[in-house]
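> Predicted coordinates and the sequence they were generated for:
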Amino acid sequence: MDFENIIVEKKEGIAKIILNRPQVLNALNLQTFSEIQAALEDIQRDDSVGVVLITGAGRAFSAGLDIKAISGLVEEGDVGAEINRMAWRTMEAIESLPKPVIAMVNGYCLTGALEVVLACDMIIASENAIFGDTHARWGLRPTWGLSQRLPRAVGVMKAKELSFTAETISAQQAERIGLINQVAPAQRLEEVAQELAGKMLSNSRGSLAAYKTLINQGMKADLATGLKIEAETITIIEDTVDRLKSFGKRT
């Protein structure tokens, strides 16, 4: 499958989606979202892939939405219905993929790009990564889920601080407030992300898919509803018997 704005690599059970517009800091546009969706659809069908990494080429994960490409569409704080629909579909594709998705953040991760990584299951960042929600700086409002996902990640007060001030924070600060999972030295970012993915690949893919569904659905509900979802959801995990047979050998 050929793409213009992304690169897709598959190796040893891991698929890597690389945002590949380094000349504009991997700014997001309609075509990029369309290509990410197509890549995820292919990955979902590919049984050889168990974990997905998303990263950016060059010195940024992504600087956010390509405002220049849609400047004529922006009106009253909204970036436009067409880009919104494509962004929503992309977030949904990431969240609904029955495989863990790890954002591997190298450099800038701003505004629309922050919305993308918040849809991922985990975030590993380089020590030189920069995060920020700058919607308010440009007279925009979030329309892809940031106002709901960010408070759930870092708490309401901290989310308001980040969004109201539009200030950027370092990877170390992002880890401290719970926005990301861990910080890695810049030269070891790929290694750390691959190690994390490898640990996941050693576990049951059916179990991981079940966890992802239950956690994501539960986060959209109150505790009582979430507990009911967990108790009543039926999931077929094909390797349970074989894994239980090896229990004695592992201990």
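Thanks, I have it.
> low-confidence ranges in the stretch 51-200 of the chain?
69-77 (pLDDT under 70).
> Which stretches in it count as strands?
For the stretch 51-200 of the chain, the strands defined by DSSP state E, counting those that start in this stretch cover 51-56, 60-62, 101-105, 108-110, 122-126, 130-132, 168-170, 182-184.
> tally of neighbours for Leu214?
15 (other Cβ atoms under 10 Å). C-beta coordinates here come from the backbone N, C-alpha and C atoms, glycine included.
> Tell me who's in contact with it.
Ile229, Glu230, Thr233 (Cβ atoms under 8 Å, 6 or more residues apart in numbering).
> neighbours around the first one, how many?
Counted with other Cβ under 10 Å, the neighbours of Ile229 add up to 15.
> circling back to that earlier point, tabulate the strands of the stretch 51-200 of the chain in TSV, adding columns for distance to Leu19 and mean neighbour count.
Compiled in TSV, the strands of the stretch 51-200 of the chain are given as follows (distance: least, Cβ to Cβ, whole Å; neighbours: other Cβ atoms under 10 Å):
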stretch	distance to Leu19	mean neighbour count
strand 51-56	4	24
strand 60-62	6	28
strand 101-105	11	27
strand 108-110	11	27
strand 122-126	15	25
strand 130-132	16	22
strand 168-170	19	17
strand 182-184	19	19
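> what's the closest of these to Ser202?
Nearest to Ser202 among the strands of the stretch 51-200 of the chain is strand 51-56 (10.6 Å), distances taken as Cβ to Cβ.
> tell me which strands and helices the closest one is in contact with?
strand 14-19, helix 30-45, strand 101-105, helix 189-201 (3 or more Cβ pairs under 8 Å, 6 or more residues apart in numbering; DSSP states H and E).
> Relative to Ile6, which of these is closest?
Checked against Cβ to Cβ, the stretch from those lying closest is helix 30-45, at 4.8 Å.
> For that closest one, report the contacting residues that lie outside it.
For helix 30-45, using Cβ under 8 Å, 6+ apart, the contacting residues are 1, 3-6, 8, 15, 17, 19, 21, 26, 49, 52, 54, 69, 82-83, 86-87, 89-90, 93-94, 97-99.
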